[in-house]
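Engineer: one predicted model, sequence on top.
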Amino acid sequence: MQINIAVTGTAFRAMETSLPDANRKLSDKSETKLAEQKQQATGEAQIKITFRDPVSAEDVSVYLTHDNFDLLQAHFGKNNFSEYGDSIALSGVAEKLVSGWYGDIAYNRNFLKADSNSDGLLDKTEYQNTKNSFSVKKHAEIDTNSGFVKITNEIESGYSNSLDAGDEQPKSISEELNSTISIDKNLDGSFELREFFESQNKGASAESFVLKEFKAATTQNQIAKTALNKIGFFNNTIANHAIEKFLSKKDDDSKPDIQSIIKKLIAADGNEAVLSAEERQILGGAINAVKERVAKELETNNLLDVRV
């Protein structure tokens, strides 16, 4: 089995900025100030930074994690960081990037307006007024003759209304800014699906993340409709072809045909109650056989040529 994996699309983009030069000169004390910041940080160590709001041009201060601060400094150079009161001020390209992401989160994703009591924190109700979600379209095509599989994951829409995120919910602009910067590893101002998958996969490739999802989908044991969807990876027609190619040899013409059972189930929107006991038994055997075949090919490393 040969698999081609494509991961495409951008969920969010940093706001375009047109800020004039800040004229903040690098101070000899900047390195001392940074060291003090790191020493004073408690809990999850963070560093206070200051930059300008891309809309109002007024100074804004947030806290960045050490990892994100170090990422910015390594990428943009120390000349874009200087002492500024009780914080480290950003200038130049570093300020442009962070200010752009701040603007995207505060305005485009609606975090600022959603904070109805202006306390700087978002509760569950306030967060649901933000646009911090995106949808991913997942699709697979299977050539049952060659065994070639093409899996596509792409951004379908960004800036969608936020859903209840439970404990994963960002509680402030600072928290979401840190999350966004950590995902935008190349600091180009784009929150790409590939980068998001890599962040979910502990830095491993986006392709391996998609492949793990595919493996889980094709081996999951669920009742009729879900099993058919998973076998075909969201396409019942593919499931029909797979079962027809691998499993539909009938020993007894008096028994129900597997294809007619599948069509009957699909017409009933997956309601297994429309099937007789005999039909459910036949369908269950077909599903298990397909699962075993796919699982065997996965285990014997027949998934070759994984590429974008």
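Structural biologist: Everything's here; your move.
Engineer: quick one, helices of the chain?
Structural biologist: Shown for the chain, the helices assigned by DSSP state H span residues 30-40, 66-76, 92-103, 111-114, 124-127, 173-183, 193-200, 206-219, 224-231, 236-247, 258-267, 277-299.
Engineer: isn't Asp53 right up against Val62?
Structural biologist: No. Here Asp53 lies out of contact with Val62, judged by Cβ atoms under 8 Å, at a distance of 10.9 Å. The way it works is simple: take the backbone N, C-alpha and C, and place the C-beta from them, glycine included.
Engineer: and for these two, which residues touch both?
Structural biologist: Between them, Asp53 and Val62 share the neighbouring residues Tyr102, with contact defined by Cβ atoms under 8 Å, 6 or more residues apart in numbering.
Engineer: okay, the two: which has more neighbours?
Structural biologist: Looking at Asp53 and Val62 with other Cβ atoms under 10 Å, you find the greater number of neighbours at Val62, namely 20 against 17.
Engineer: please parse this structure into its domains.
Structural biologist: Per automatic domain parsing, the domain ranges recorded for the chain read 1-27+54-60+67-78+94-213, 220-299.
Engineer: pLDDT averaged over the first one - what is it?
Structural biologist: Along domain 1-27+54-60+67-78+94-213, the predicted local confidence has a mean pLDDT of 90.
Engineer: now swap in the shortest one and tell me
Structural biologist: Domain 220-299 carries an average pLDDT of 58.
Engineer: ok so, going back, I'd like the domains of the chain laid out as CSV, including distance to Gln46 and mean neighbour count.
Structural biologist: Shown next, in CSV, are the domains of the chain (distance: least, Cβ to Cβ, whole Å; neighbours: other Cβ atoms under 10 Å):
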stretch, distance to Gln46, mean neighbour count
domain 1-27+54-60+67-78+94-213, 8, 17
domain 220-299, 40, 15
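Engineer: format these as JSON lines; extra columns: distance to Ile47.
Structural biologist: Compiled in JSON lines, those are given as follows (distance: least, Cβ to Cβ, whole Å):
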{"stretch": "domain 1-27+54-60+67-78+94-213", "distance to Ile47": "5"}
{"stretch": "domain 220-299", "distance to Ile47": "44"}
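Engineer: to Tyr84, which of those lies closest?
Structural biologist: Evaluated over the domains of the chain, closeness to Tyr84 peaks at domain 1-27+54-60+67-78+94-213, with 6.4 Å, by Cβ to Cβ.
Engineer: and the contacts of the top strand by length along the chain?
Structural biologist: Counting residues, the longest strand found in the chain (DSSP state E) is strand 148-160. Contacts to strand 148-160, defined as Cβ under 8 Å, 6+ apart, come from residues 1-12, 108-109, 131, 133-143, 193, 197, 210-211, 214, 233.
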